[in-house]
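[1] here's a sequence, model it:
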Amino acid sequence: MNDFEGGSEFVPGSAPHITQGPDLAGLAEASAPYLFGTLQHRLIRTEERSSSMFGSGGKVFLRTIDGFDDVVGEPLGSGLIYNHSGGSYQLAFALSLAPNPAVGELVQDRSLEAGDIVAQLRALNVLEGLRIIDLGSGVHPGFALAAKSLGATVFTADIQKLRPEVKGKLDGHTVVNLNRSNAGEVLEEATCGDLDLVTENVVAMPPGLITTSKVPKQKSVQAIATRLLKQDGYMFSLTGASGFGVFQRVN
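    Numbers count the residues shown, from 1 in each chain. Sure thing, here's the model as predicted:
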């Protein structure tokens, strides 16, 4: 994910990928689908906010997407802990995998504003057919709710329960510590596996964020993704200020 103090937008091929050596637990580093960059440019806007939460003592630049207030309760990505900016990039990546060709047509139509694009994407349920899980979703999973409103089958997993107003709006939530050795097995039973996308934003937490559990190890999250993904399914991993990682299941 971008630096919370206003780093540059993700551009496929420019942000550093995670490097783990030859053993990626059945995953291979991959390039982002070509629409990913266009979707970011067309849908994500920068929202400036004053906050000292992360020790900045000044302005924070959030990356948000309009058009999901009815399901998220605010623009996607406008929170500082839950529903934070990472969700906007997760959604752009999910949309880049959409089986519906209307996604490419709409985002490349320069006569449309971002809000118009989102409204049409939702009306068309462009993520219908995609099966997704957000690992470390938090108690108010903005990305998951937005993806569900676009037609995807969406599961979440976190060490905490979802907020009561969110419970039941997704296809399933599993309370699990992602550091557990059997976390992948637990999540496979809950989701039946065969997922198109496993995404996470918990391996590298924003500076200053207090957490009640140990941050999951990258290798553990990759092992979970390998177990849950279908052949050639994608893992999209946000990694704090260092960029993002894109992987595909290869075995």
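[2] would you say residue 126 is within a strand?
    No: judged by DSSP: H, G, I helix; E, B strand; the rest coil, residue 126 forms no part of a strand; its state is coil.
[3] so how far is stretch 126-133 off the chain centroid?
    13 Å (Cα atoms, centre = their mean, to the nearest Å).
[4] right, I mislabeled it, should have said stretch 155-169
    15 Å.
[5] quick one: end-to-end length of it, please.
    10 Å (Cα to Cα, to the nearest Å).
[6] got the buried residues for it?
    155-159, 162, 166 (16 or more other Cβ atoms under 10 Å). The C-beta positions use only the backbone N, C-alpha and C, and glycine is treated the same way.
[7] give me the contacts around that stretch.
    71, 131-141, 144-145, 148, 170-178, 183, 187, 190-191, 195, 212-213 (Cβ atoms under 8 Å, 6 or more residues apart in numbering).
[8] now do that stretch, average pLDDT.
    In this model, stretch 155-169 has an average pLDDT of 92.
[9] next: stretch 70-86.
    The average pLDDT within stretch 70-86 is 90.
[10] narrow the contacts of stretch 155-169 to those in helices?
    Applying DSSP state H to those, the entries found in helices are 71, 144-145, 148, 183, 187, 190-191.
[11] just the pLDDT for residue 250.
    Residue 250 is given a pLDDT of 87.
[12] re the thing from before, in ChimeraX, select just the buried ones from the contacts of stretch 155-169.
    Entered in ChimeraX, the line below selects the buried ones among these, by 16+ other Cβ under 10 Å:
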select :71,131,132,133,134,135,136,137,138,139,140,141,144,145,148,170,171,173,174,176,178,183,187,190,191,195
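[13] what about the contacts of stretch 155-169, which are in strands?
    131-135, 172-175, 195 (DSSP state E).
[14] what about residue 41, which SS state?
    helix.
[15] what about it, how many neighbours?
    14 (other Cβ atoms under 10 Å).
[16] can you start the count at 190 instead of 1 from here on
    Okay, using 190 as the starting number, the last item reads as residue 230.
[17] element containing residue 421?
    Element membership for residue 421 (DSSP states H and E) is strand 418-427.
[18] that strand pairs with which strands, and in what direction?
    Sheet pairing here is set by DSSP bridges, and for strand 418-427 it gives strand 384-389 (parallel), strand 433-438 (antiparallel).
[19] from residue 333, how far out is the residue nearest to residue 291 when sequence neighbours are not counted?
    Spatial nearest neighbour of residue 291, chain neighbours left out: residue 313 (5.3 Å); criterion: Cβ to Cβ, 6 or more residues apart in numbering. Per Cβ to Cβ, to the nearest Å, residue 313 is found 19 Å from residue 333.
[20] residue 257 too?
    For residue 257, the distance to residue 333 - Cβ to Cβ - is 11 Å.
[21] how about the residue nearest to residue 291, what does it touch?
    Listed by Cβ under 8 Å, 6+ apart, the contact set of residue 313 reads 289, 291, 340.
[22] hey, which of the strands paired with strand 418-427 is tucked in deepest?
    strand 384-389 (a mean of 26; mean count of other Cβ atoms under 10 Å).
[23] how about the ones in strands among the contacts of stretch 344-358, which pair is most distant?
    320 and 364 (20.0 Å; Cβ to Cβ).
[24] residues in contact with the helix or strand of the chain with the lowest mean pLDDT?
    Least confident helix or strand, the chain: strand 234-240 with a mean of 81, by mean pLDDT, DSSP states H and E. Applying Cβ under 8 Å, 6+ apart, the contact partners of strand 234-240 are 195, 247-255, 264, 266-267, 269, 303.
[25] just checking, next helix/strand downstream of that strand?
    strand 247-253.
[26] any regions of the stretch 290-439 of the chain where pLDDT drops low?
    392-403, 428-432 (pLDDT under 70).
[27] one more pass at 50, please.
    395-399, 401, 430-431 (pLDDT under 50).
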